[in-house]
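Undergrad: turn this into a model:
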Amino acid sequence: MSDQVFTPDMTVDQAFKMHAGARRVFARFHLGGCSNCAISETHTIGAVSQDYGIPLTMLLEGLNGLFQEGGLAVGDKVRIPDEIRAKVPQLAGVPEIGEIKSADNGAYTAEFGEVRLQGLSEDFLPVQASATPA
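TA: Alright, predicted model coming up:
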C-alpha cells in the first residue's frame, strides 16, 4: 500500500495529480462533470465536502481507497472487460489480450496489438499467466 494520503486541506488539483482515479471518485458524488456541479480545482477537499454537503469521511475514504485497489505493473497481461467491449463497437477487432506498457499515478497504458488504450486499473482485467496463448 502507498503512504500517500488525501487530506482535507489538499486542493482538488493536487488530488487529480496524486492519482488519476481521483476524477472518478469526485464523479461518483456528481462533482466536476457538468456546469451545475463543476468544482474549482483550487478548492480544498474539505471545502468541496462542506460546499456540496458530502460527508468528508466518505469523500476521503473514496479517494484514499484508490491506493488500496489492486494495481497493475508494466508487463502485466490484461484484457478489456466485456461490458466495456460491448459498449464500444470499435473494440470488436482489438485482440483479446494486451500488455501494460506504462503506469503513472494510477493511469495505465495498455497495448492490444496495434491499438493503445489508456485507463485506470478498473478498466483492465489481469490475465493469469496460464490463460495467455503460448
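Undergrad: helix or strand: which one has residue 101?
TA: Using DSSP states H and E, residue 101 maps to strand 97-104.
Undergrad: and the contacts of stretch 63-75?
TA: Stretch 63-75 is touched from outside by 1-2, 4-6, 15, 19, 21-22, 25, 45, 78, 99-103, 106, 108, 121-122, 124, 126, with contacts defined as Cβ atoms under 8 Å, 6 or more residues apart in numbering. Backbone N, C-alpha and C define where each C-beta goes, glycine included.
Undergrad: quick one: low-confidence residue ranges for the protein.
TA: Residues of the chain meeting the criterion pLDDT under 70: 1-4, 33-37, 69-70, 129-134.
Undergrad: residue ranges of the strands in it, please?
TA: Assignment of strands within the chain using DSSP state E yields the ranges 77-79, 97-104, 107-112, 115-119, 125-126.
Undergrad: the third one to strand 97-104, inter-axis angle?
TA: Using axes from the mean of the first three to the mean of the last three Cα atoms, to 10 degrees, the inter-axis angle of strand 107-112 relative to strand 97-104 is 150 degrees.
Undergrad: how near is residue 107 to residue 15?
TA: Residue 107 is 14 Å from residue 15, where distance means Cβ to Cβ, to the nearest Å.
Undergrad: between those two, which is the more surrounded one?
TA: Per other Cβ atoms under 10 Å, whichever of residue 107 and residue 15 has more neighbours is residue 15, with 23 against 15.
Undergrad: right, and residue 78 touches residue 128 too?
TA: No - using Cβ atoms under 8 Å, residue 78 makes no contact with residue 128, being 11.0 Å away.
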